[in-house]
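Student: Using only what follows, build the 3D model:
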Amino acid sequence: MNEEIKEAVSSTLLHWYDRDRRHFPWRATEDPYGVWVSEVMLQQTQTSRVIEYFIRWMTRFPSLQHLAAASEQEVIQAWEGLGYYSRARNMHRAAQSIVAGGGTALPATYDDLRRLPGVGEYTASAVASIAFGQSVPAMDANALRVFSRLGDIADPVDRTSGRRAIRRLFERLISKRRPGDFNQAVMDLGATICLPKNPLCSDCPLAAVCLSRLNGTTSARPVLAPPVKRTALKGDIYVLLSPDGAVFLRSRPTEGLWAGFEEFPWSAPPLEGRLPEEIGRISAVGTKIGALSCAVTRWSMTLSLWLVSRVDPSALNFSGRWVDGPSLAEIPLPSASRKARELLFRRNIVHRPQRPAESGRRGE
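Tutor: All right, here's what the predicted structure looks like:
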């Protein structure tokens, strides 16, 4: 690809972006902190869901200093529902590390951004290019798809050889003047036109130079390595209810799966082994009130939900605590326990605190 074609690709894509870009709240700010927050939220989360969370987060933690000063529970609570909670914990740790070191802002280079907790190759590239104008390619799923088609790359994009080929092409084409806009243009192109299925090639600004379109291989790109199948597991999750209406939450270890969270006791061997003996004894008299499903990395779990009423709190002797309904509503929970909580509230098994929307103030 000669210099003339490379310049044409860059200018054509940026012209299209200037005209047809998507408008999001994080694109209305030049604050590197806001760019960083949005990019972390957008990892493995649909853009439509991130908008609400981003606005709420920036209201609650409007700066790096506000985030650093918050407690971990406040941070997790603000993140609840977005999943992959290590993202929020890592942002919190990064903010605290920067502030503790006397910093007042995010580092301005790709290499320094990569040194922050939880900041990987993509996030560092996106923030470095968008917030600081560094010419580094941000290779998300959209970019992998766009460039695999543009260059008609047959190597799997989820393998090293494919990613290297795409990076080489990306680095040759990225605008040196507007790298952040170029990266965002690629994201938008992949999200709106160069779709995984039924791409809108007739609307694509790069159709004239897209090799997969010229070679008739668009539907075969990108190439993916065979997927890893999830292992199906079955298990049980227990709601232990005291005579005064409190429920028991156990504490998870500080490392590993759902580290540091509280949750309803559950078991799904071999992922989660046998429950402590006292829970096993108490739960034997429980009543099944439903079932729920959730996915964890390479496992797909179906858990039977058991209610055990009138449990004597003194019968349990391991890490955990009893909480009432209002407290339960405020505690960040992993996905399985969060689904169990919603069922308990929906069926009025546990008292749900009144929400603001239920107080007659909707629409004010």
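Student: how about the strands in the chain?
Tutor: Using DSSP state E, the strands found in the chain span residues 231-240, 247-251, 262-263, 266-267, 287-296, 299-308, 320-323.
Student: D236: what's it in contact with?
Tutor: If you count contacts by CB atoms under 8 Å, 6 or more residues apart in numbering, D236 has them with 266-268, 283, 303-306. In short, each C-beta sits where N, CA and C put it, glycine included.
Student: lowest-confidence helix or strand of the protein?
Tutor: In the chain, no helix or strand scores lower on mean pLDDT, DSSP states H and E than helix 277-283, which sits at a mean of 77.
Student: buried ones in it?
Tutor: Buried residues in helix 277-283, counting neighbours by 16 or more other CB atoms under 10 Å, are found at 279, 282-283.
Student: between those residues, which is nearest A315?
Tutor: Nearest to A315 among the buried residues of helix 277-283 is I282, at 6.2 Å by CB to CB.
Student: Roughly how far does that closest one sit from S314?
Tutor: According to CB to CB, to the nearest Å, I282 stands 12 Å off from S314.
Student: got it, and K6?
Tutor: Distance, K6 to S314, by CB to CB: 73 Å.
Student: that older thread, save the buried residues of helix 277-283 as CSV, and put in distance to R352 too.
Tutor: Shown next, in CSV, are these (distance: CB to CB, whole Å):
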residue, distance to R352
I279, 25
I282, 25
S283, 24
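Student: Run a quick neighbour tally on the closest residue in space to Q73 that isn't next to it in sequence.
Tutor: Spatial nearest neighbour of Q73, excluding adjacent residues (CB to CB, 6 or more residues apart in numbering): P332 at 7.1 Å. P332 is flanked by 21 other residues according to other CB atoms under 10 Å.
Student: what's the distance between P332 and Q96?
Tutor: According to CB to CB, P332 stands 18 Å off from Q96.
Student: Please apply the same query to F61.
Tutor: Relative to Q96, F61 is positioned 12 Å away (CB to CB).
Student: who has more neighbours, these two?
Tutor: A count of neighbours by other CB under 10 Å puts F61 above the other of F61 and Q96, at 22 against 17.
Student: My guess is the more buried one contacts A78. True?
Tutor: Yes. Under the criterion of CB atoms under 8 Å, F61 makes contact with A78 at 7.2 Å.
Student: higher neighbour count, K6 and S314?
Tutor: More crowded of K6 and S314, by other CB under 10 Å: K6, with 16 against 6.
Student: From what I see, that one and L173 are in contact.
Tutor: Yes. Using CB under 8 Å, K6 is in contact with L173, at 5.7 Å.
Student: Name the nearest residue to P269, sequence neighbours excluded.
Tutor: That would be G235: by CB to CB, 6+ apart, it lies 7.0 Å from P269.
Student: so where's the protein uncertain?
Tutor: Low-confidence segments of the chain, defined by pLDDT under 70: 1-2, 354-364.
Student: domain parsing for it?
Tutor: Using automatic domain parsing, the domain parsing of the chain gives 3-220, 231-346.
Student: Nearest approach to P353 belongs to which of the ones you listed?
Tutor: domain 231-346 (4.3 Å).
Student: neighbours of V350, just the number please.
Tutor: Using other CB under 10 Å, V350 has 22 other residues around it.
Student: Apologies, that question was intended for P227.
Tutor: 7.
Student: just S319 next, same as before
Tutor: Using other CB under 10 Å, S319 has 12 other residues around it.
Student: how near is the closest residue to it other than its chain neighbours to P270?
Tutor: With CB to CB, 6+ apart as the criterion, S319 has its nearest non-adjacent residue at 4.5 Å, and that residue is S251. Distance of S251 to P270, given as CB to CB: 22 Å.
Student: Of these two, which one has the most company?
Tutor: The neighbour comparison of S251 against P270 (other CB under 10 Å) goes to S251, with 13 against 8.
Student: Quick one: residues contacting that one.
Tutor: By CB under 8 Å, 6+ apart, the residues touching S251 are 260-262, 319-321.
Student: Please tell me how far it sits from L257.
Tutor: In terms of CB to CB, S251 sits 13 Å off from L257.
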